[in-house]
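*Asks:* Here is a sequence with its predicted model. Questions after.
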Amino acid sequence: MISRRTLLQSLPAAAAGTVVLPSASQAEAPMSNHQVPAQYRLRLGEIEITALSDGYIPFSPEIILAGEPGAVAAALADTPQSQPLIGDVNTYVVNTAGRLCLIDAGGPSSFIPTLGRLEAGLAAVGIDSEQIDQLLLTHLHIDHIGGMLTADGRAMFPNATLTLLADEHDYWTDPALLASADAGFRPLVAAAQGAVAAYADRLILLSGEAQAGPGISTLPIPGHTPGMTGFRLHSGDEQLLMWGDVVHVPAVQFAHPDWRLSFDTDGATAAASRARVLDMVASDRIGVLGSHLPFPGHGYVSRGPDGYRYEAAYWDHFA
């Protein structure tokens, strides 16, 4: 009877008397040093979601504010997370009822050189910018709005309406914010105001939990910015939550959801929102899509002995 052991033992015998010498190299292949445009599709009932990577942001551990000195370094030492920390930047095309929506638009390579891959990603999946019907923004940070404009400042998506929460819009477009911003913050405010201005004639501002389109509704998640929203995607009995920036550093923030980010507008509110959302998706077993979760950013949250755990979803083969 053939077993795994006998089969393996038989392999050297089959090659007895044969000497195989290494052959000369037929061609030298240079290192490519780049990835192909990252894309991934999944189904949610009658909705098709395409995840596209806009690149990544190298984070410093100093952005994480923990309760005790050395706590972040100790937590990271127990994970395989590389240094510097890598924060993926994910965007999502949602095809629902014959309507193409884009959730977030990545960041500009002019500001962060490792970003700016959205346009190439859309081209790779056969989507032209003119086909996007609706642009939905979780918030107006620069790594979520950079792909909204062309190089000469025009709307990249000429046929798309722009949807975000009114609280977010009002905070960033307030002239007083730009006037009072310091030198480091001023370019971010100017970028947000310029991005919104390019879509001013087709702007949709929502409040609270509201219908944003077929199969899409808002879920306010304030704190990281004043008007950040998640987007509930639902079809029949199935749903996912695209939660924006609830988690930036998965290696430590699931286990320590109270740890805040140095650039949160209101850290205490952000931590409270994160606790609320993590409890909801874990209790109700709702799958999540995350802007900064490892690409494609699709997975599930469960409670652990301390804090929460994240598990990436299995690959959807469309079988």
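*Replies:* Received, thanks.
*Asks:* The closest residue in space to F231 that isn't next to it in sequence pairs with what?
*Replies:* Once flanking residues are discounted, F231 sits nearest to M242: 4.5 Å by CB to CB, 6 or more residues apart in numbering. Placement of C-beta: from N, CA and C, glycine included. Note on M242: beta-bridge partners by DSSP bridges are F231, L289.
*Asks:* which ones are touching M242?
*Replies:* With contact set as CB atoms under 8 Å, 6 or more residues apart in numbering, M242 has these partners: Y92, I103, T138, G230, F231, L233, V288, L289, G290.
*Asks:* what's the answer for V196, then?
*Replies:* L140, L162, H169, W172, T173, L203.
*Asks:* same thing with V246?
*Replies:* Each residue near V246 by CB under 8 Å, 6+ apart is listed here: I221, H224, G230, S273, R274, V277, L278, G290.
*Asks:* rewinding a little: looking at the contacts of V196, which one is closest to Q134?
*Replies:* Nearest to Q134 out of these is L162 (CB to CB; 8.0 Å).
*Asks:* Within the helices and strands, which one has the closest one?
*Replies:* strand 161-165 (DSSP states H and E).
*Asks:* Going by neighbour count, which residues of the helix or strand just after that strand are buried?
*Replies:* Counting by DSSP H and E, the next helix or strand C-terminal to strand 161-165 is helix 166-173. Counting neighbours by 16 or more other CB atoms under 10 Å, one finds that the buried residues in helix 166-173 are D167, E168, H169, Y171, W172, T173.
*Asks:* what's the nearest residue to the second one if we skip its chain neighbours?
*Replies:* Leaving aside its sequence neighbours, E168 sits nearest to G227 (CB to CB, 6+ apart; 2.8 Å).
*Asks:* Looking at the one you found now. What's its pLDDT?
*Replies:* Listed pLDDT for G227 reads 98.
*Asks:* list the contacts for I216?
*Replies:* By CB under 8 Å, 6+ apart, the contact list for I216 reads V94, T96, C101, L136, F231, R232, L233, H234.
*Asks:* I'd like these written out as TSV, with secondary structure, pLDDT and distance to G45 added.
*Replies:* Shown next, in TSV, are the contacts of I216 (DSSP: H, G, I helix; E, B strand; the rest coil; pLDDT from 0 to 100; distance: CB to CB, whole Å):
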residue	secondary structure	pLDDT	distance to G45
V94	strand	98	12
T96	strand	91	9
C101	strand	98	15
L136	strand	98	19
F231	strand	98	15
R232	strand	98	13
L233	strand	98	9
H234	strand	96	8
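*Asks:* so which of these comes closest to E209?
*Replies:* Checking those one by one against E209 (CB to CB), the nearest turns out to be R232, at 8.3 Å.
*Asks:* For that closest one, the count of nearby residues, please.
*Replies:* R232 has 19 neighbours, counted by other CB atoms under 10 Å.
*Asks:* which residues touch it?
*Replies:* Going by CB under 8 Å, 6+ apart, R232 touches I216, S217, T218, L219, Q239, L240, L241.
*Asks:* make it 10 Å
*Replies:* 209, 211-212, 215-219, 239-243, 286 (CB atoms under 10 Å, 6 or more residues apart in numbering).
*Asks:* hang on, the earlier thing: got the angle between the strand holding L162 and helix 166-173?
*Replies:* 100 degrees (axes from the mean of the first three to the mean of the last three CA atoms, to 10 degrees).
*Asks:* Pairing partners for strand 161-165, with directions?
*Replies:* Strand 161-165 is paired, per DSSP bridges, with strand 134-136 (parallel), strand 203-206 (parallel).
*Asks:* So which of those strands is nearest E311?
*Replies:* Closest among the strands paired with strand 161-165, once you apply CB to CB, is strand 134-136, at 26.0 Å.
*Asks:* Go through that closest one and flag the buried ones.
*Replies:* Buried residues in strand 134-136, counting neighbours by 16+ other CB under 10 Å, are found at Q134, L135, L136.
*Asks:* Could you name the helices and strands sitting against the helix or strand harbouring L278?
*Replies:* For L278, the element it lies in under DSSP H and E is helix 267-284. Here helix 267-284 touches strand 216-220, strand 229-235, strand 238-242, helix 250-253, strand 260-261, strand 287-289, strand 298-303, strand 308-312, going by 3 or more CB pairs under 10 Å, 6 or more residues apart in numbering; DSSP states H and E.
*Asks:* Can you lay out those as a markdown table showing distance to Y56?
*Replies:* Output for these, formatted as a markdown table (distance: least, CB to CB, whole Å):
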| stretch | distance to Y56 |
| --- | --- |
| strand 216-220 | 25 |
| strand 229-235 | 21 |
| strand 238-242 | 18 |
| helix 250-253 | 13 |
| strand 260-261 | 16 |
| strand 287-289 | 17 |
| strand 298-303 | 17 |
| strand 308-312 | 16 |
